[in-house]
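Novice: structure, please.
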Amino acid sequence: MNTASQSLRHIFLALAFLSIFVVVGKEESTSIAVDQALSRYEVMVEEGVPLKMRDGVSLVADIYRPKGEGKFPVLLERTPYNRKYESGMAYELSAHGYIVVLQDIRGRYDSGGEFYPFRDESQDGYDTVEWAARLDYADGKVGMFGGSYVGATQMLAAMARPPHLVAIFPYLTASEYYDGWTYQSGVLMQWFTSSWTSILAVDTLRRRADEISRPKEWVAALPVESYPILSEPSPSDLAPYFHDWVEHERSDSYWQRWRVSDHYREMNVKGLHGAGWHDLFLKGSIKNYLGLRTEAATPEARADQRLIIGPWAHTPTSPEGKVGDVVFGKSAVLDMTGTVLKWFDYALKGVQNEYAGGSPVRIFVMGDNVWRDEQEFPLARTRYTRYYLHASRGANGVRGDGELSLTAPEAERPDQFEYDPKNPVPTIGGRLCCGVAQPPGPFDQRPNESRPDVLIFSTLPLERDLEVTGFITLELYASTSAVDTDFTALLADIDNSGYARFLTDGIVRARYRNTTGRPEEIVPGRVYKYVIDLWATSNLFKVGHRLRLYISSSNFPRFNRNPNTGGAMLGASRMITARQTTYHESKYSSALILPVIPR
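Specialist: Sure thing, here's the model as predicted:
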C-alpha cells in the first residue's frame with residue numbers, strides 16, 4: 001500500500017472511530033427490560049443483507065442479534081464510512097440485548113445507487129427503520145446512533161417521521177446543511193468541504209472503476225498509452241455535489257429541502273444530542289437540542305431531550321483527554337459504547353438510570369476542566385456583558401495597544417489594516433475536519449500575532465476568575481475600500497506564560513451581513529455594523545489570565561478567501577487587496593458580548 005493510500009485509510013479509520021464518544025438522561029421500567037439490560041448474550045451475525053428501497057435500489061446491511069428467547073429493540077446505524085468499521089461496537093451492543101443493524105447508505109461501499117449528500121436520507125432512513133422494526137426478532141422499537149454524517153442520517157430520518165423510530169443519539173452533527181455544514185455566515189467552510197469530499201471520493205472512484213472497467217474491450221486499443229482506464233472516470237463524476245455547493249452560495253431552495261430545523265415540530269423522538277466545544281458542528285448540535293426541546297410533536301418528546309457538550313473536536317480524544325495540544329484530563333474521555341447502552345436502555349427498554357431524571361444538560365467547563373449539570377442552555381443566570389474595543393496607538397499585532405474593557409469608548413481613532421487574499425491569515429487549529437494536514441482543536445494562536453493584518457484586543461490580567469459559558473457575539477463597526485469583503489473574529493484564553501489557547505471563532509461576509517438568502521451591496525468607505533457569531537464556549541478564565549480577541553479578514557483554509565471583488569464564488573479567480581478600517585468610539589462602539597456566569 002502506498003503512502004497516499006495509507007494516509008487515506010488512516011482518515012477513514014479516524015472517521016469510523018468518530019462513532020465512539022459522548023453522554024446525559026429520564027423514565028419507566030419492567031422486569032424484562034431490566035433483565036435484558038443486565039444480561040450478556042451470544043451474538044449471531046447475518047452479513048450482506050439486502051433491503052430494497054421504495055425506488056428499487058438495494059442497500060446492504062449487517063445484522064447482529066442476541067441469541068436468546070424473546071424480542072429485542074433495534075439499534076440502527078446508517079453510514080457512508082463503511083459499515084464494517086463498526087463491527088466491534090455492534091457485537092458489544094448486541095451482547096447487551098439489542099439487534100444492531102449497520103447499513104451502508106445509498107451509493108457507498110456495498111449498497112447500490114448513487115451517493116449525493118442528504119438527498120435520499122429521509123426516504124431511505126424511513127424505509128430502513130420500518131423494515132428493521134418488522135424483523136422477526138425485533139420488538140418494534142428502533143433507535144438510531146452515530147456521529148457526523150451518521151448524525152445527519154438520523155436527523156433526516158426523523159424528519160420523515162417513521163412510526164417506529166423511538167429515539168436517536170446524534171452527536172457532532174448539524175441542524176441544516178447550508179449554515180453550519182457547508183457555509184458559515186455566507187462563507188464556504190472550505191477545508192471541511194474539500195477534505196470531506198476528498199475522503200468520500202476514494203470509495204466513489206473505486207466504484208466507478210469497477211463499473212467502467214472493460215479490459216477485454218480496451219486491450220486492443222492503439223496507441224497503447226490510450227488505455228481508457230487512464231481517462232475514466234472524469235474528476236467531475238466523483239463529487240458533482242461539490243460544484244453544486246459552490247454554485248449555491250446563498251441559502252436558497254437548493255438547501256431548503258434538507259433544512260432539518262424547519263421540521264422539529266413534526267418529530268416525535270427522544271434525543272440525546274452530543275456536541276463538542278471545538279467541533280465544527282457545535283452550533284447545529286445545540287440547535288437540534290433546543291429545537292426539539294421546545295418544538296417536538298409531543299410533550300413526552302420535548303421532555304426527553306438531553307444535551308451534552310464536551311471539549312471535543314471532530315476527531316477522537318486521546319486516552320489522557322488530549323484535544324488539539326491541550327490535555328483536559330481523563331474525565332473528558334467518554335465511553336461511547338457505555339453511553340449508547342445507557343441511553344437506549346432508558347429510551348427503548350424503560351430502565352430507570354441516570355437518564356430517567358435529573359438535569360437535561362451536561363457541560364464541560366474548560367479551564368476548570370470539570371463537568372457540570374445544568375437545567376437549560378444557555379444558562380438562565382447568564383449576565384451578558386459588553387467588553388468594548390479600545391486602542392490609542394493602534395491594535396495591529398502583538399506590539400499594539402488594543403484593549404478590551406468594560407468602559408465604553410469616547411473619542412478614539414480607528415484601526416486599519418490591509419487584507420490581501422493572496423496572503424491570508426493561516427488557520428491554526430479550531431473547528432476543523434478532516435485529516436491530519438489541518439489538525440482540529442485548541443492550539444496556540446501566537447504564530448499569527450506578529451501579522452499587521454491581525455488586530456489584537458486584550459483585557460488586563462484578571463483579578464478574579466471569570467466564567468464565560470454560552471453564546472458569544474462581536475458587534476464590529478467597520479468599513480472597507482472593496483465592494484465586498486470578510487471580517488473574522490477569534491477568542492483565546494491567554495495564560496501567565498502567554499500561551500494563547502483557541503476557544504471559539506466566527507466570520508461574516510459583508511454582502512451576507514443581514515441575510516444569507518440574498519446578497520446586499522456595500523458602499524466602499526461606508527461604516528456598517530457587522531454582527532459576528534462566534535457560536536458558543538464554556539471556559540473559566542483564571543486569575544492572572546487575559547481574554548484576547550483577534551480581528552482580521554481571513555482564516556484560511558478553514559474559510560474560503562474573499563477576493564474582495566463582489567462577484568459570485570463560482571468561477572472566481574481574480575483577487576484585489578482591501579483597505580479595512582475598524583471603529584471603536586462613542587458613535588461606533590464595537591464590543592465583544594460575553595455570557596458571564598456569576599460565581
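Novice: can you give me the neighbour number for R40?
Specialist: 12 (other Cβ atoms under 10 Å). (Glycine included, C-beta is placed from N, CA and C.)
Novice: what do you get for G350?
Specialist: 17.
Novice: and the residue nearest the centre of the protein?
Specialist: Geometric centre of the chain, nearest residue: F281, 1.8 Å, by Cα atoms, centre = their mean.
Novice: which residues touch it?
Specialist: If you count contacts by Cβ atoms under 8 Å, 6 or more residues apart in numbering, F281 has them with S148, G151, L172, T173, A174, G180, W181, A275, H314.
Novice: try Q416
Specialist: Going by Cβ under 8 Å, 6+ apart, the list of residues near Q416 reads G394, R579, Q580, T581, T582.
Novice: which among those count as buried?
Specialist: In terms of neighbour count (16 or more other Cβ atoms under 10 Å), the buried residues within the contacts of Q416 are G394, R579, Q580, T582.
Novice: would TSV of the residues you listed with distance to E42 and pLDDT be doable?
Specialist: Shown next, in TSV, are these (distance: Cβ to Cβ, whole Å; pLDDT from 0 to 100):
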residue	distance to E42	pLDDT
G394	71	95
R579	71	98
Q580	66	98
T582	66	98
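Novice: what's the farthest-apart pair in those residues?
Specialist: Of all pairs drawn from the buried ones among the contacts of Q416, the greatest distance, 14.4 Å, lies between G394 and R579 (Cβ to Cβ).
Novice: flag the shaky bits of the stretch 51-200 of the chain, pLDDT-wise.
Specialist: Nowhere does the stretch 51-200 of the chain drop to pLDDT under 70.
Novice: all helices of this protein, in order?
Specialist: 3-17, 31-38, 87-95, 121-133, 149-160, 190-212, 215-218, 240-247, 253-256, 282-295, 299-303, 336-349 (DSSP state H).
Novice: nearest to G400, of the ones you listed?
Specialist: helix 190-212 (28.5 Å).
Novice: now the closest one: buried residues?
Specialist: Buried residues in helix 190-212 (16+ other Cβ under 10 Å): 190-193, 195-204, 207-208.
Novice: go through those residues and say which is closest to V361.
Specialist: F192 (26.6 Å).
Novice: let's see if you can find the most crowded of the contacts of F281.
Specialist: In terms of neighbours by other Cβ under 10 Å, the contacts of F281 top out with L172 at 29 neighbours.
Novice: quick check: beta-bridge partners of the closest residue to it other than its chain neighbours?
Specialist: Nearest residue to L172, sequence neighbours excluded (Cβ to Cβ, 6 or more residues apart in numbering): G147, at 4.4 Å. Going by DSSP bridges, G147 is paired in beta bridges with Y171.
Novice: now G147: how far from T339?
Specialist: As judged by Cβ to Cβ, to the nearest Å, G147 and T339 stand 12 Å apart.
Novice: of those two, which one has the most company?
Specialist: Remark: of G147 and T339, G147 carries more neighbours, 30 against 23, as counted by other Cβ under 10 Å.
Novice: hang on, the earlier thing: greatest separation within the contacts of F281: which pair is it?
Specialist: Farthest pair in these (Cβ to Cβ) is W181 and A275. Separation: 14.1 Å.
Novice: re earlier: between the helices of the chain, which one is nearest to I472?
Specialist: helix 282-295 (11.5 Å).
Novice: what lies in contact with the closest one?
Specialist: 151, 155, 170-176, 179-181, 260-261, 264-265, 267, 269, 271, 273-276, 279, 301-302, 305-307, 309, 360, 377, 431, 533, 535-536.
Novice: for ChimeraX, what selects the buried ones among those residues?
Specialist: Buried residues within these, by 16+ other Cβ under 10 Å, are selected in ChimeraX with:
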select :151,155,170,171,172,173,174,175,176,179,180,181,260,261,264,267,269,271,273,274,275,276,279,301,302,305,306,307,309,360,377,431,533,535,536
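Novice: can you pull out the strands in the stretch 401-550 of the chain?
Specialist: In the stretch 401-550 of the chain, the strands defined using DSSP state E, counting those that start in this stretch lie at 403-405, 415-419, 455-458, 466-480, 486-494, 500-509, 528-541, 546-552.
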